[in-house]
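Student: The following block contains a protein sequence and its predicted model.
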Amino acid sequence: MAVAEPRAERGATAAPSPALIEVRGVHKLYTVGSQEVRALDGVDLDIRRGEYVAIMGASGSGKSTLMNLIGCLDTPTRGSYRLDGLAVERLRDEELARVRNRQIGFVFQTFHLLPRTTALANVELPLVYARMPRGERHELARKAIAEVGLSERSHHTPNELSGGQRQRVAIARALVNQPSILLADEPTGNLDSTTSDEIMELFDRLAAAGKTVILVTHEDDIAEHARRVIVMRDGKVISDRQQPGSRAARPTDGGAIEANAEPDPDDEAADAESVVGSGADEAEEVAAVEPAQGDSR
Amino acid sequence: MILLENLIIALSALRANLMRSLLTMLGVIIGVAAVIAVVSIVQGLQNVITQQFQSGGSNTITVVPFVQQGPSLVARQLKLTWEDGQAIRERVRGIEGITPLLVGQATAKYRENQHRPAQIFGVIEDYPEINNHVVERGRFLLRVDLELRRKVAVLGRTVVEQLELGSEAIGAEIYVGNVPVTVIGVMEERGTALGQDSDDLVFLPYDTAEQIFGRLAADRIFLQMKAESAEAVPEVRDGIERVLRERHGLGEDEENDFTIQVQDQLLETITSVIGSVTAVVAAVVGVALIVGGIGIMNIMLVSVTERTREIGLRKSVGATKRDVLLQFLIEAVVLSLVGGIIGTLLGWGIGALAAFLLPGDWPAAYVPWWAVAVAFGFCTLVGVVFGIYPAGKAAALDPIEALRYE
């Protein structure tokens, strides 16, 4: 399967890249009893590599359906969805599983960690399904856990961890396969405000380092972190705007990004290098992982 | 690799619900334990019987003065003599060797050592050849011993030990009853089977035995012979019958006053009895395994429901339907197979204990490898058959629904 490694080519694609996510005229219909529900009613959406997006809306607005669709957990009833050039709507079950495994990192409101399983083993899970040998898996999982600052707790089981720590483990799990997209569904919904801030800082840092981050939330102060906010209602996108003063942009851009300007991939890369000390390490990590992933494909 | 991962997952799931898993496995454990216990006892028995018969040789024929049925002959004096045997030797073709077997009991004595009634066999020089039982030290009886009516004896191991003859057995002067005899050989050890010590024997020349036990004993002897080949057995058998009926003056409508035992036949009968016992046990076990399998299916369905969210998560991080199917199928097989292993050990223990507790020298329990292989094979089959439905159900779960499941 032709799945480009997102981070490796980050620096090279200076020209306006084709969208990573390309949603065109998507409809999703559910039948609940005898009633037909239009969860998505003609959605068009482009998200480029490296964007930091929040999808907002009340419950029943279709944001969860859109997230499931972007996360390849679901396919549209009508319309097309291309993920990194791949027509997802035509994929079979196993191929969808493969795309989820390689391209998507999910973070859930309720963490969804396996009980009685160490943090490290939880983080390894996507790599198990990527058929990666044990040794490499440990290595990558350890790095991912270090990235979220939980190295010391890596041998604890979820019930020995606090909510914030659990969500960090979940984020490490979402990151471990170097996915193109980090997809977070109400990631702070079960956390207190202090812990929420910590988790959001982590997302900000990841976005600043060049990860494509999509938050699904109904809370304004969470959405504030993103650079772009998409609002949904009744299965339609009713607003899609850039946030010049987003919390993520504020401390990092130093005024480099002008209002309403499209984020420039070059600048973004530079930001990543300067702000997040681990940027160089991550690049190395990608290089180290690359051959193994190539093999397992 | 995914197989190993699944195995680890299965074992940890099993450990997480230890009590529940054990109870689930109980059906399989009982079934397998029952089959292994019975098979181990029956096989032990069969081993000993087969061994005994093979030591006799499959073309061995024994004639005994015994009537199988019919009360009409009970009153009549049954008679079988060495003269009958000699007549058979002369007139029936296809016989390689023949020996009388005068069986009696007498006390053996050596100096101050006495041996409780020892089994005495009065035989001729053909005995070792017919019974595949040879001397270990010294020599067996020779024709010359018989012709010269020498007072010599060949002893079994147990007798040597009881008389504390040790290494000085050969040449020792012992008493059998009141007759002094010289030990000329010690038989090879045969062991104990079904409460009978095959080494507690004193072999005497036939005439010497007759002298000790008298003419009455010599009128009721056994005849043992060996046919040239297994194929010759039926013909030899007919020949023996003809000669004996003629010699005993039996009329057309009279039944034989002797019984001809052919080892193959006996072995066949015993084997078929054992076979039916095994078949009955197998049927019982089949039912137990089905019950066990239903238990496994039940608990796997519970497990799938309990772990719906886990399944949803696994799918969201990239597990395919096949991955999930395999995970739960392996879990079911592991459940069944662990039950099988426990059952095998338990059954073996029960078999060994039963063999130990049964009266007499019941043969040691023996678990043949094929029984273990069959047990494990069946357990795997049960796991797959009864695990496929719950596993299929898990695999078919919609990840979105599964993640939301409360």
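Tutor: Received, thanks.

Student: what sits against the residue in the stretch 151-297 of chain A positioned nearest to chain B?
Tutor: Residue nearest to chain B within the stretch 151-297 of chain A (CB to the nearest CB): residue A:173, separated by 7.1 Å. Where you see a C-beta, it was placed from the backbone N, CA and C, and this is true even at glycine. Residue A:173 is in contact with A:105, A:113, A:122-123, A:125-126, A:144, B:317, counting by CB atoms under 8 Å, 6 or more residues apart in numbering or on different chains.

Student: got the residues of chain A near chain B?
Tutor: A:68, A:71, A:73-74, A:93-94, A:97-98, A:100-102, A:104, A:106, A:108, A:112, A:114, A:116-117, A:125-126, A:128-131, A:133-134, A:173, A:177 (CB under 8 Å from any CB of the partner chain).

Student: could you flag which of those residues are buried?
Tutor: The neighbour-count criterion (16 or more other CB atoms under 10 Å in any protein chain shown) marks A:68, A:71, A:73-74, A:97-98, A:100-102, A:104, A:106, A:108, A:112, A:114, A:117, A:125-126, A:128-131, A:173, A:177 among those as buried.

Student: the strands in the stretch 151-297 of chain A, which residues?
Tutor: Shown for the stretch 151-297 of chain A, the strands assigned by DSSP state E, counting those that start in this stretch span residues A:181-185, A:212-217, A:228-233, A:236-242.

Student: The stretch 51-200 of chain B too?
Tutor: B:60-64, B:95-110, B:113-123, B:135-138, B:152-155, B:173-176, B:179-187, B:192-193, B:196-197.

Student: Adding mean neighbour count, write the ones you listed out as TSV.
Tutor: Converted to TSV, the strands of the stretch 51-200 of chain B look like this (neighbours: other CB atoms under 10 Å in any protein chain shown):
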stretch	mean neighbour count
strand B:60-64	21
strand B:95-110	20
strand B:113-123	19
strand B:135-138	15
strand B:152-155	28
strand B:173-176	18
strand B:179-187	20
strand B:192-193	16
strand B:196-197	15
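
Student: Out of the ones you listed, which is closest to residue B:252?
Tutor: Closest to residue B:252 of those is strand B:60-64 (CB to CB; 20.8 Å).

Student: Enumerate the positions of the strand or helix carrying residue A:25 that are buried.
Tutor: In the assignment (DSSP states H and E), residue A:25 maps to strand A:21-32. Residues of strand A:21-32 classed as buried by neighbour count (16+ other CB under 10 Å): A:21-23, A:26, A:28.

Student: That one packs against which elements?
Tutor: strand A:35-47, helix A:63-70, strand A:78-83 (3 or more CB pairs under 8 Å, 6 or more residues apart in numbering or on different chains; DSSP states H and E).

Student: rerun at 6 Å
Tutor: In this structure, strand A:21-32 packs against strand A:35-47, strand A:78-83, with contacts taken as 3 or more CB pairs under 6 Å, 6 or more residues apart in numbering or on different chains; DSSP states H and E.

Student: OK, contacts around residue B:340?
Tutor: By CB atoms under 6 Å, 6 or more residues apart in numbering or on different chains, residue B:340 lies in contact with B:32, B:375-376, B:379.

Student: Next: residue B:176.
Tutor: By CB under 6 Å, 6+ apart, residue B:176 lies in contact with B:106, B:108, B:202.

Student: ditto for residue B:239
Tutor: Residue B:239 makes contact with residue B:92, according to CB under 6 Å, 6+ apart.

Student: Now the one helix or strand it maps to - C-alpha only, PDB.
Tutor: Using DSSP H and E, the element containing residue B:239 is helix B:233-247. C-alpha atoms of helix B:233-247 as PDB (Å, rounded to 0.1, in the frame of the first residue of the first chain):
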ATOM      1  CA  VAL B 233      -2.100 -74.000  14.200                       C
ATOM      2  CA  PRO B 234      -5.600 -74.900  13.000                       C
ATOM      3  CA  GLU B 235      -4.400 -78.100  11.300                       C
ATOM      4  CA  VAL B 236      -2.500 -79.100  14.400                       C
ATOM      5  CA  ARG B 237      -5.500 -78.300  16.500                       C
ATOM      6  CA  ASP B 238      -7.700 -80.600  14.500                       C
ATOM      7  CA  GLY B 239      -5.100 -83.300  14.700                       C
ATOM      8  CA  ILE B 240      -4.900 -83.100  18.400                       C
ATOM      9  CA  GLU B 241      -8.700 -83.300  18.700                       C
ATOM     10  CA  ARG B 242      -8.800 -86.400  16.400                       C
ATOM     11  CA  VAL B 243      -6.100 -88.200  18.300                       C
ATOM     12  CA  LEU B 244      -7.400 -87.400  21.800                       C
ATOM     13  CA  ARG B 245     -11.000 -88.300  21.000                       C
ATOM     14  CA  GLU B 246      -9.900 -91.600  19.600                       C
ATOM     15  CA  ARG B 247      -7.600 -92.300  22.600                       C
END
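
Student: so what strands line up beside whichever helix or strand comes after it?
Tutor: Once helix B:233-247 ends, the next helix or strand along the chain (criterion: DSSP H and E) is strand B:259-262. The strands that strand B:259-262 pairs with in its sheet are strand B:60-64 (antiparallel) (by DSSP bridges).

Student: and the angle from the partner strand to helix B:233-247?
Tutor: For strand B:60-64 against helix B:233-247, the angle by axes from the mean of the first three to the mean of the last three CA atoms, to 10 degrees is 20 degrees.

Student: what sits up against strand B:60-64?
Tutor: B:222-226, B:258-263.

Student: Report the mean per-residue pLDDT for that strand.
Tutor: In this model, strand B:60-64 has an average pLDDT of 86.

Student: what's the angle between it and strand B:95-110?
Tutor: Orientation note: strand B:60-64 sits at an angle of 60 degrees relative to strand B:95-110 (the same axes, to 10 degrees).

Student: what about chain B, any weak spots by pLDDT?
Tutor: Low-confidence segments of chain B, defined by pLDDT under 70: B:1, B:50-58, B:67-77, B:192-196, B:264-267, B:359-362.

Student: before we move on, which element is the closest residue to chain B within the stretch 1-150 of chain A in?
Tutor: Residue of the stretch 1-150 of chain A nearest chain B, by CB to the nearest CB: residue A:101 (2.4 Å). Assigned by DSSP H and E, residue A:101 belongs to helix A:93-103.
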